[in-house]
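Asker: the following comprises the amino acid sequence and a computationally predicted model.
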Amino acid sequence: MTKFLAATAAGALMTSAAFAGSHASEVKLGVLLSFTGPIESLTPAMGAGAEMAMAEVSGNENFLGGSTVTPVRGDATCVDAAAATAAAERLVTSDGVKGIMGADCSGVTTAVLGNVAVPNGVVMISPAATSPALSSAEDNGLFFRTAPSDARQGEVLAGILMEKDIKSVAVTYTNNDYGKGFADAFQAAYEAAGGEVTLTAAHEDGKADYSAEVGSLASAGGDALVVLGYVDQGGAGIIQSSLDTGAFDMFAFGDGMIGDSLTDAFGGDIEGAIGTAPGSDNDGGAKFQMMADEGGIDGTSVYAGESYDAAALILLAMAAADSSDAGEYAGKIMEVANAPGEIILPGELGKALEIIAGGGDVNFEGASGVELVGPGEAAGSYAEYTVKDGALEVVGYR
């Protein structure tokens, strides 16, 4: 009898341990961002923003039985598709991540999606890949983004320029999917509104001298130079050469140029310059900035909020599916991102998990006012920036 009781007790303990192991384990998420390369000054806040969401959910009793969430970083480089693909393969095959928050630059995102995510059935949510071409990418329902397409940003930037009575511009863009897609969208919108594009020319990143490119742009002329490049690479080189030669004194920038390193480098020399980047004037944005400040993170940095939102969507979808298997939770992402359901802002992921556990619906708006449309991309709004007193200042939203 004693042996029977002991065996029964041992069996019960083993069953309990097995149950606990299956419901309170570790879920790894990839954070695939360009920690080196032409936007490296932007990615620290992006990575930290995503990891804020992971920390908020990790160990919550309503998240897959109390599972912990562990971020695993990979370097997407922004410009080297082979390196980004290799980093993503390591995240999936070696580290065993259950989803990828990233990538950021459009070219490497496209490469990782086609070469790693789709073949391995891994969900990706990009906070920053904005190429219009990604809207029609073959993704098997695995790719989403919390930043809107540049098809929309091109329209917004064109509209701002026309409102400011800037009727002719030269355009330079970084020679990749992001730059070309953005330039095409901008030119179409600007010319449709009555503006004149005097020249559209690509530039390569990583060069020491951009005088030839700026010479061609200056010869074409225009009331302003539109720079659709990267703040830590060719875009900065184009501006420096323009200032050195006096070719242009008015500039307009896309989102890849919006960062503190822009004004750290040029400050008052580009006074009055304008730019656009994803952003919205909502309660979630203010809450995220407060949380970020408390965590020592620059919550105003471009795409930091979108990165928090991308990670949060993956985690809430896992909770809704009660699974970290992408085949089961991918179909829940649109559900947790949109109405109907109780609106969820940054800092309220625990509340969202409780609602989901109780069988309710959530509408995650997050830091960026998330609303996913079409093939899983953000409907999106944009912040309008100007350089005032040598610093970037948000002057409105579109």
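Answerer: Thanks, I have the structure now.

Asker: show the pLDDT at the closest residue to Ser149 other than its chain neighbours.
Answerer: Distances taken as CB to CB, 6 or more residues apart in numbering put Pro132 closest to Ser149, at 5.0 Å, once the chain neighbours are dropped. Backbone N, C-alpha and C define where each C-beta goes, glycine included. Per-residue confidence for Pro132 comes out at a pLDDT of 94.

Asker: what does the one 5 residues further on give?
Answerer: Per-residue confidence at Ala137 stands at 95 (pLDDT).

Asker: given the strand or helix carrying Thr70, what are its sheet partners and their directions?
Answerer: Take DSSP states H and E as the rule and Thr70 turns out to sit in strand 68-75. Here strand 68-75 is paired, per DSSP bridges, with strand 26-33 (parallel).

Asker: with just CA atoms, put the strand it pairs with into CSV.
Answerer: The C-alpha coordinates for strand 26-33 follow below in CSV (Å, rounded to 0.1, in the frame of the first residue of the first chain):
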residue,chain,number,x,y,z
GLU,A,26,10.1,30.2,-23.2
VAL,A,27,9.0,32.0,-26.4
LYS,A,28,11.8,33.6,-28.3
LEU,A,29,11.1,36.5,-30.7
GLY,A,30,13.6,37.8,-33.2
VAL,A,31,14.5,41.5,-33.3
LEU,A,32,15.9,41.8,-36.8
LEU,A,33,17.0,45.4,-37.3
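
Asker: for the stretch 251-398 of the chain, which segments count as strands?
Answerer: With DSSP state E, counting those that start in this stretch as the criterion, the stretch 251-398 of the chain has strands at 251-253, 274-278, 342-344, 362-364, 372-373, 377-378, 382-388, 391-397.

Asker: turn the ones you listed into JSON lines, columns for mean neighbour count and distance to Gln240.
Answerer: Output for those, formatted as JSON lines (neighbours: other CB atoms under 10 Å; distance: least, CB to CB, whole Å):
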{"stretch": "strand 251-253", "mean neighbour count": "25", "distance to Gln240": "12"}
{"stretch": "strand 274-278", "mean neighbour count": "25", "distance to Gln240": "17"}
{"stretch": "strand 342-344", "mean neighbour count": "17", "distance to Gln240": "44"}
{"stretch": "strand 362-364", "mean neighbour count": "24", "distance to Gln240": "41"}
{"stretch": "strand 372-373", "mean neighbour count": "18", "distance to Gln240": "39"}
{"stretch": "strand 377-378", "mean neighbour count": "26", "distance to Gln240": "33"}
{"stretch": "strand 382-388", "mean neighbour count": "21", "distance to Gln240": "15"}
{"stretch": "strand 391-397", "mean neighbour count": "14", "distance to Gln240": "18"}
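
Asker: so which of the ones you listed gets nearest Thr198?
Answerer: Minimum separation from Thr198 across the strands of the stretch 251-398 of the chain (CB to CB) falls at strand 251-253, 13.7 Å.

Asker: neighbouring contacts of that closest one?
Answerer: Defining contact as CB atoms under 8 Å, 6 or more residues apart in numbering, one finds that strand 251-253 is touched by 157, 160-161, 166, 169, 224-228, 235, 239, 242, 262, 270, 273-276, 385.
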